[in-house]
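1. okay, sequence plus prediction incoming.
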Amino acid sequence: MKPSSATAPVVEIRRATKRFRTPEGQTVHALAGIDLSVNPNEFVTLLGPSGCGKTTLLRTISGFEALDDGSIHIQGRAMNHIPPHSRPVNTVFQNYALFPHLSVGDNVGYGLAVRKVPRREREMRVGEALEMVGMNGMQQRSPGQLSGGQQQRVALARAIVNRPALLLLDEPLSALDRHLRQTMQRELKSLQSELGIAFVFVTHDQEEALTMSDRIVVLNGGHIQQEGSPSEIYNRPVNTFVAEFIGESNRFQGMLEPFDGQFSRLRLEDGDTLTLMSPASGAADALHVMLRPEQFCVHKPTEAAEEYASLCGRLAQKAFVGRDMEITLETASGRPIKAALRGHDSRTLAERNVGDEVTLWYATSAPHVIAA
Ligand SMILES: Nc1ncnc2c1ncn2[C@@H]1O[C@H](COP(=O)(O)OP(=O)(O)OP(=O)(O)O)[C@@H](O)[C@H]1O
Ligand SMILES: [Mg+2]
C-alpha cells in the first residue's frame, strides 16, 4: 500500500555518494553512501566535526551539488535532475546572505516577485513572514541598518515566505552571541512547530543539537555513525566516536570477567575494576564502557545501596562552574576520572582540597557498554 502523503517522508536519501577531486590531486569522499529519511514536521540535526560532509549533504538536497551516486526524493519526487530553484526547499546560511541594496521587505519578497506572485498577495505574505520572526514594522530598513540577530530573522522570513516543504539551515546561529543564540534557538523551535515544516539543521554545537532536535544524525568522514533521539545519542552511543563526540565521557577499556550471579566485572588494564549490574554480553571479551561525569556521586545513596560501586583516587582538580562542581579524580594507577556533582555532593567537595582522597560512587546499572 502506498503511504499517505501525511506520513510519507518529506525527503528520502538513498546511498548518497559525493566525491571531490582536490587541487592536490586527492579524492575526498564527502558523502560515502548516506541513507536518510526526514519525516513531515521533523527537526533533524546533522552533527559532526568539521569536514564530515554536513554542508555537502545540504547542498545535494538543495540541488547546488549533484550526487555522484544514489538518489534524493522530495515529497516522493526524484530530484536528481531538478534544478535548485525548482525544488521545494530553502536554505538559511550562517552569514544571512541578504541583498544589501534591497529593503527588508524586498529581501523577503524577492522569491515571490521572481515567481510573479501578484503584488498584493506578495505584501501580505511578506508581512506574515516578518511577523512570524518578530520583525514587524521593519520592512523599509536596509540590511545594513539591522543587528546580526535581526538580519538572521530576515533571512529566516525569506526562507519561509513561500512555505517550502523543507528548510535547510547551515549553522544559522553560529554568528550570534551566546545569549541571542539561546533566544533564537527557542524561537526557531517554536517557529518550526508552528509552520509544520521539516527542518534539517546543521550545527557544531552539541548542546544546541541536544536541546533542539527530534533526531540527531552524527556524521564522520561522510558516513552516518548513529542516528537517534537526543537521549539515545547521549545515553546509548553505538561506538567510541559518538561517545567521545557528544558530551563529556569517561571511557574504560578492559576484559570482562565471568558473571558472578549478581554483577559482571570489567578488569581494566591498570588493575582497577568497574562493576556492571547486568551480565554484559560477550564475557571474556575486551569491552569499552562509558560513564558520564554526572553519573557519579560522593554520598552513597542509602536506598538500594548494594547496587552502587565505587572508584577511589586523589582529587586532582576541582572547579565550581555554576550549578555543578566539576572535578578530576586520579586513581592509584593515574587514570583520570571526570565527575560533575551537584547539591550536597558539590558542597561536600567544596570543603575538600586537591590531593585529598575521594571516593566516587556510581550505580552499577549506569555503565554503558559500547559495541565498537
Ligand atoms: N568543492 C570542493 N572541492 C573539493 N573538496 C571539497 C569541496 N567541497 C567540500 N570539499 C571537501 O569535502 C569534505 C566535506 O566538506 P563539507 O563542507 O561538507 O564539511 P562540513 O561538515 O560542512 O564542515 P564544516 O563543519 O567545517 O562546515 C571536506 O573534506 C571538504 O574539504
Ligand atoms: Mg559546513
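-> Looks like it came in fine. Numbers count the residues shown, from 1 in each chain. Ligands and ions are numbered 1, 2, ... in the order given.
2. CA only for contacts and neighbour counts going forward, please
-> Will do.
3. for Gly109, what is the enclosing helix or strand?
-> Per DSSP states H and E: Gly109 is located in helix 104-114.
4. same question, Met124
-> helix 119-132.
5. got the buried residues for that helix?
-> Buried residues in helix 119-132, defined by neighbour count with 16 or more other CA atoms under 10 Å: Arg122, Glu123, Arg125, Val126, Gly127, Glu128, Ala129, Leu130, Met132.
6. just send these back as a markdown table, with pLDDT and distance to Ala209 too.
-> A markdown table is the format used below for those (pLDDT from 0 to 100; distance: CA to CA, whole Å):
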| residue | pLDDT | distance to Ala209 |
| --- | --- | --- |
| Arg122 | 94 | 34 |
| Glu123 | 94 | 35 |
| Arg125 | 94 | 30 |
| Val126 | 95 | 29 |
| Gly127 | 94 | 30 |
| Glu128 | 92 | 28 |
| Ala129 | 93 | 25 |
| Leu130 | 93 | 26 |
| Met132 | 88 | 23 |
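7. for those, give me TSV that also has distance to Cys312.
-> Formatted as TSV, the buried residues of helix 119-132 follow (distance: CA to CA, whole Å):
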residue	distance to Cys312
Arg122	68
Glu123	67
Arg125	63
Val126	62
Gly127	62
Glu128	60
Ala129	58
Leu130	57
Met132	54
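8. kindly identify which of these also come near ligand 1.
-> Among the buried residues of helix 119-132, no residue lies close to ligand 1 (CA under 6 Å from any ligand atom).
9. which residues of the stretch 201-350 of the chain fall in strands?
-> 215-220, 223-228, 250-256, 264-268, 273-276, 286-291, 296-297, 308-320, 325-330, 336-341 (DSSP state E, counting those that start in this stretch).
10. looking at those strands, which is nearest to Val354?
-> strand 308-320 (4.9 Å; CA to CA).
11. buried residues, that closest one. List them.
-> Result for strand 308-320 [16+ other CA under 10 Å]: buried residues Tyr308, Ala309, Ser310, Leu311, Cys312, Gly313, Arg314, Leu315, Ala316, Lys318.
12. which outside residues touch that strand?
-> Residues outside strand 308-320 that contact it (CA atoms under 8 Å, 6 or more residues apart in numbering): 274-275, 300, 325-332, 353-364.
13. the domain parsing of this protein - what is it?
-> The chain resolves into domains spanning 11-244, 250-370 when parsed by automatic domain parsing.
14. look up how far Asn220 lies from Leu236.
-> Let me fix one detail, which is that residue 236 is Arg and not Leu. Note on Arg236: its distance to Asn220, by CA to CA, to the nearest Å, is 18 Å.
15. more neighbours, these two?
-> A direct count of neighbours by other CA atoms under 10 Å for Arg236 and Asn220 places Asn220 higher, at 21 against 17.
16. what residues are up against the more buried one?
-> So Asn220 contacts Gly48, Pro49, Cys52, Gly53 (CA under 8 Å, 6+ apart).
17. run through those and flag the ones next to ligand 1.
-> Among those, ligand 1 is touched by Pro49, Cys52, Gly53 when using CA under 6 Å from any ligand atom.
18. name the nearest residue to the residue in the stretch 101-250 of the chain that ligand 1 sits nearest to, sequence neighbours excluded.
-> Ligand 1 sits closest to His204 of the stretch 101-250 of the chain, with a gap of 6.5 Å, by CA to the nearest ligand atom. Of all residues not flanking His204 in the chain, Leu47 sits nearest, at 6.2 Å (CA to CA, 6 or more residues apart in numbering).
19. Val202 is in contact with that neighbour, correct?
-> Yes - applying CA atoms under 8 Å as the test, Leu47 and Val202 come out as touching, 6.3 Å apart.
20. need the overlap of contacts for those two.
-> Lys54.
21. please put the alpha-carbon coordinates of the helix holding Met124 into CSV.
-> The C-alpha trace of helix 119-132 is given here as CSV (Å, rounded to 0.1, in the frame of the first residue of the first chain):
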residue,chain,number,x,y,z
ARG,A,119,1.9,42.5,-5.6
ARG,A,120,-1.0,42.5,-3.0
GLU,A,121,-0.5,38.8,-2.2
ARG,A,122,3.2,39.3,-2.0
GLU,A,123,2.9,42.1,0.5
MET,A,124,0.5,40.1,2.6
ARG,A,125,2.8,37.1,2.7
VAL,A,126,5.9,39.2,3.4
GLY,A,127,4.0,40.8,6.3
GLU,A,128,3.0,37.4,7.7
ALA,A,129,6.5,36.0,7.4
LEU,A,130,8.1,39.1,9.1
GLU,A,131,5.5,38.8,11.9
MET,A,132,6.4,35.2,12.4
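22. so what does whichever helix or strand comes after it touch, helix or strand wise?
-> Counting by DSSP H and E, the next helix or strand C-terminal to helix 119-132 is helix 148-160. Applying 3 or more CA pairs under 8 Å, 6 or more residues apart in numbering; DSSP states H and E, one finds that helix 148-160 contacts strand 89-92, helix 104-114, helix 119-132.
23. I'd like to check the angle between helix 148-160 and helix 119-132, please.
-> 130 degrees (axes from the mean of the first three to the mean of the last three CA atoms, to 10 degrees).
24. and the very next helix or strand once past helix 148-160, does that touch ligand 1?
-> Note on helix 148-160: by DSSP H and E, the next helix or strand toward the C-terminus is strand 166-170. No - contact of strand 166-170 with ligand 1 is not found when judged by CA under 6 Å from any ligand atom; the minimum separation is 8.1 Å.
25. which residues touch strand 166-170?
-> 10, 55, 58, 62, 88-94, 159-160, 197-203.
26. report the angle between that strand and helix 148-160.
-> For strand 166-170 against helix 148-160, the angle by the same axes, to 10 degrees is 150 degrees.
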